[in-house]
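**Q** Next one to model:
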Amino acid sequence: MELSDESKSNERLEFLGDAVLDAVVAELLFKKFPGNDEGYLTKLKSKVVNRKTLSDIGERMNIRSKLRYNDSRQINVASLEGNAFEALIGAIYLDGGFEVARKCVQNHVLRKYVDLNKLLEEEIDFKSRLIIWCQKKRLKFSFDVESEQHVRGSWEYVVQIHINGRESGKAKGQSKKQAEQLAAQDTLKLLGEI
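**A** Okay, here's the model as predicted:
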């Protein structure tokens with residue numbers, strides 16, 4: 001059964017809006033923190049464009065009042081608000097181009113709905129968050145170092161996370177701790193927790 005235009009999902013617009021948000025926030029942080037490396041900038045960007053922040057923005061914008069969804073199913077409405085916000089940014093981009101979308105995000109959304117300084121002050125420890133999540137759900141987990149090697153003058157570690165024996169997030173870093181944090185972040189993203 002084909003959906004009418006009115007009832008089609010906004011997933012393609014969400015995809016586009018997600019990319020536009022990433023680019024706008026990356027540019028903003030690149031200019032705001034000229035002395036910091038890409039690892040630091042990536043960490044900051046993940047705080048601004050994570051699922052929780054986007055859902056909070058959607059809630060503060062009262063997007064819920066405009067959403068149409070099947071309320072007979074169990075749905076995470078906060079997640080829908082974040083998705084709808086991304087779709088809105090995608091639509092703004094299609095309508096006005098990147099510069100209009102950038103100005104909208106920087107001058108309206110970030111200034112009005114995001115306390116950037118507060119977000120940047122919060123220290124995110126992805127490994128601790130994942131451990132707490134697994135413990136609450138009584139799941140077995142492990143952080144396994146798959147490889148460690150000396151590459152071009154520095155060490156590189158690859159960490160694979162297993163939850164209940166199944167592979168989950170995986171990442172590499174210049175220290176075991178960094179690789180674990182990045183793998184935990186990847187896992188939390190896969191789980192929809194950030």
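**Q** and Lys170, that's in a strand?
**A** Yes: according to DSSP: H, G, I helix; E, B strand; the rest coil, Lys170 belongs to a strand.
**Q** How about the contacts made by it?
**A** 146, 158-161, 183, 186 (CB atoms under 8 Å, 6 or more residues apart in numbering). Where you see a C-beta, it was placed from the backbone N, CA and C, and this is true even at glycine.
**Q** Centroid-nearest residue for the chain?
**A** Asn50 (2.9 Å; CA atoms, centre = their mean).
**Q** coming back round to it: just checking, which of the contacts of Lys170 belong to strands?
**A** Within these, residues falling in strands by DSSP state E are 146, 158-161.
**Q** Just the buried ones from the residues you listed?
**A** 158-161 (16 or more other CB atoms under 10 Å).
**Q** Ranking helices and strands of the chain by mean pLDDT, which lands last?
**A** Lowest by mean pLDDT, DSSP states H and E among the helices and strands of the chain is helix 116-121, with a mean of 68.
**Q** ok so, going back, what score does the residue nearest to the centre of the chain have for pLDDT?
**A** Asn50 is assigned 86 on the pLDDT scale.
**Q** Report the contact partners of it.
**A** By CB under 8 Å, 6+ apart, Asn50 lies in contact with Ile194.
**Q** now it: how far from Gly82?
**A** Going from Asn50 to Gly82 by CB to CB, to the nearest Å gives 9 Å.
**Q** Could you do Arg102 as well?
**A** In this structure, Arg102 and Gly82 are 20 Å apart, going by CB to CB.
**Q** Likewise for Gln135?
**A** From Gln135 over to Gly82 (counting by CB to CB), the distance is 26 Å.
**Q** picking up where we left off before, which of Arg102 and Gly82 has more neighbours?
**A** Ranked by neighbour count (other CB atoms under 10 Å), Arg102 and Gly82 place Gly82 first, with 25 against 20.
**Q** what's the nearest residue to Leu116 once chain neighbours are set aside sitting at in phi/psi?
**A** Spatial nearest neighbour of Leu116, excluding adjacent residues (CB to CB, 6 or more residues apart in numbering): Leu110 at 6.2 Å. Backbone torsions of Leu110, given as degrees, to the nearest 10, read phi -60, psi -40.
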